[in-house]
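J.: model this:
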Amino acid sequence: MNSPQLLAQLSVLPPEEAVKYMQQRGLLTQTFDWRDLWHEEHATQFTVSRLARLDLMQAIYDGITLSVKGELGRRDFLRGIKDMLITEGWWGEKSVIDPKTGELVTTKFDANRLKLIYDVNTRQAYAAGQWQRIERNQATSPYIRYITKRDERVRASHRGWDNLTLPVDHPFWHAHTPPNGWRCRCRITTLSQEEYDQGLSPTGQALVKEAPAEEWVNWENKRSGEVMQTPKGVDPGFAYNPGKAGAREAALNQAVQDKLDRAENLNGASPRALWNRVVSELAPSEIMKMKNLDPALLDNIGAVKGAEYYISQIRPAILHEIAQGGLPGSAALKHEIAEVAALRLAGLNIYENSDIEKIVAAFGAAEKTFDPAAHIPWHLAALKAELEYVRDTLKGKVLISLGEAARIAYPGMSEAAELKMFFELSALGEKMPDLLREEVANALQN
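T.: The predicted structure is shown next:
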């Protein structure tokens, strides 16, 4: 997309929402392949693949944010970043070690790469901002129309969507909101009910009101080995709605802020002081340093990033524990990471409402029946991981069973909670004692 096109968009789209989207992406994440950061993860994180210096990444992020605000033009951004990369020795080809594989890989920064970085990130920000406006004005403009450039450069698959007009809440927009690929120039606009009923676009073409049959193709993420399904015609990595992802992140951030303002949840401790301490330790690199953490949980770097995102919904008790003992001593955070890893292994996504509904329903069924078979396997795996962590931590003092670890990790359980734990431990082939052995109690005191 060239600079005049960007200015044209800015003239019709208030930038506030787009700027907010960029600001909430302020977590800089080092990646060594574009597949390391996936879909909704872009709503909270910013990366430039294989750029191994965070200060340079910060400068690029700041420049793009200024551009989205309308304070820095595309040409000035490209010139300024190029000069910086030349000065710092990062212009042209550069070899870096990929920490995931240990291999020496080559990256290249040139004019074309800078343009791609700029265009992809600004377009995603504008798309996220536009979606906020679309949802806000849905009552008066309840339809969305897909528009291509209608020239020889338009992809054949995207050409087939030109003039497609569907309701704002149609599932098609979950995975087909432009941009739908690298250098995609497609866009969307809204229509009123009257315009939809007239059945013609402003240029006189008939509106297409029937959604195409969804075709999904298998695509292997060779970085992770995971086989995913992606919509036909949408480049892998683009099959999500940045506006919806941004709105979810904004809602979670607000929930966190609301929680931090309720100091009584933290036994009188200062919630914001605790939060600041925890946030300083929550980078994936710090999570990986946790002592006695099962490396198998971290095989998929996405699980670590997912845990970092998930922790933004942190429960006050976990927040307090981490702040008091730091990450190495946090059995609760280990449980959170295990849950996220097992969720992904089960094919569920912590970002999708439909998956969350499945999880809640499964928990509900388990709590009603207390039937071990009704408990979700990933929850049992996460519980086992946490209790084993407690057991291993105390191994130097005394040998304990998982049941005794449960007594230690969850003191003061209610009668219902004890019954639930009893069945969960039974499903794991363990028993929970009525009381801790005197030897264990003495070891804890000492």
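J.: Tell me how far residue 62 lies from residue 120.
T.: Per Cβ to Cβ, to the nearest Å, residue 62 is found 17 Å from residue 120. Every residue, glycine included, has its C-beta placed from N, CA and C.
J.: Dihedrals phi and psi, the residue nearest to residue 31 when sequence neighbours are not counted?
T.: Nearest non-adjacent residue to residue 31, counting by Cβ to Cβ, 6 or more residues apart in numbering: residue 47, 4.6 Å away. Residue 47 adopts backbone torsions of phi -150, psi 160, taken as degrees, to the nearest 10.
J.: show me what contacts residue 47?
T.: 28-31, 36-37, 57 (Cβ atoms under 8 Å, 6 or more residues apart in numbering).
J.: For it, give me the pLDDT.
T.: The per-residue pLDDT reported for residue 47 equals 88.
J.: One more: residue 190?
T.: With respect to pLDDT, residue 190 scores 93.
J.: Please enumerate the helices of the stretch 151-300 of the chain.
T.: Assigned by DSSP state H, counting those that start in this stretch, the helices in the stretch 151-300 of the chain fall at 156-159, 172-176, 193-198, 242-260, 271-279, 284-287.
J.: These: lowest mean pLDDT?
T.: Comparing mean pLDDT across the helices of the stretch 151-300 of the chain, the lowest value falls on helix 271-279: a mean of 59.
J.: how about the host helix or strand of residue 95: buried residues?
T.: Element membership of residue 95, judged by DSSP states H and E, is strand 92-97. Residues of strand 92-97 classed as buried under the neighbour-count rule (16 or more other Cβ atoms under 10 Å) are 94, 96.
J.: Equivalent analysis for stretch 46-60, please.
T.: Here stretch 46-60 shows 46-52, 56-57, 59-60 as buried, counting by 16+ other Cβ under 10 Å.
J.: Please tabulate those residues in JSON lines, including the columns secondary structure and distance to residue 205.
T.: Below are the buried residues of stretch 46-60 laid out as JSON lines (DSSP: H, G, I helix; E, B strand; the rest coil; distance: Cβ to Cβ, whole Å):
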{"residue": "46", "secondary structure": "strand", "distance to residue 205": "38"}
{"residue": "47", "secondary structure": "coil", "distance to residue 205": "39"}
{"residue": "48", "secondary structure": "coil", "distance to residue 205": "39"}
{"residue": "49", "secondary structure": "coil", "distance to residue 205": "39"}
{"residue": "50", "secondary structure": "coil", "distance to residue 205": "43"}
{"residue": "51", "secondary structure": "coil", "distance to residue 205": "43"}
{"residue": "52", "secondary structure": "coil", "distance to residue 205": "49"}
{"residue": "56", "secondary structure": "helix", "distance to residue 205": "46"}
{"residue": "57", "secondary structure": "helix", "distance to residue 205": "43"}
{"residue": "59", "secondary structure": "helix", "distance to residue 205": "44"}
{"residue": "60", "secondary structure": "helix", "distance to residue 205": "40"}
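J.: Let me have these in JSON lines, adding distance to residue 361 as columns.
T.: What follows is the buried residues of stretch 46-60, written out as JSON lines (distance: Cβ to Cβ, whole Å):
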{"residue": "46", "distance to residue 361": "35"}
{"residue": "47", "distance to residue 361": "35"}
{"residue": "48", "distance to residue 361": "40"}
{"residue": "49", "distance to residue 361": "38"}
{"residue": "50", "distance to residue 361": "42"}
{"residue": "51", "distance to residue 361": "42"}
{"residue": "52", "distance to residue 361": "44"}
{"residue": "56", "distance to residue 361": "46"}
{"residue": "57", "distance to residue 361": "41"}
{"residue": "59", "distance to residue 361": "46"}
{"residue": "60", "distance to residue 361": "43"}
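J.: Of the residues you listed, just say which sits nearest to residue 243.
T.: For the buried residues of stretch 46-60, the minimum distance to residue 243 (Cβ to Cβ) is 17.1 Å, reached by residue 46.
J.: Surely that closest one is in contact with residue 29?
T.: Yes: Residue 46 is within contact range of residue 29, at 6.9 Å (criterion: Cβ atoms under 8 Å).
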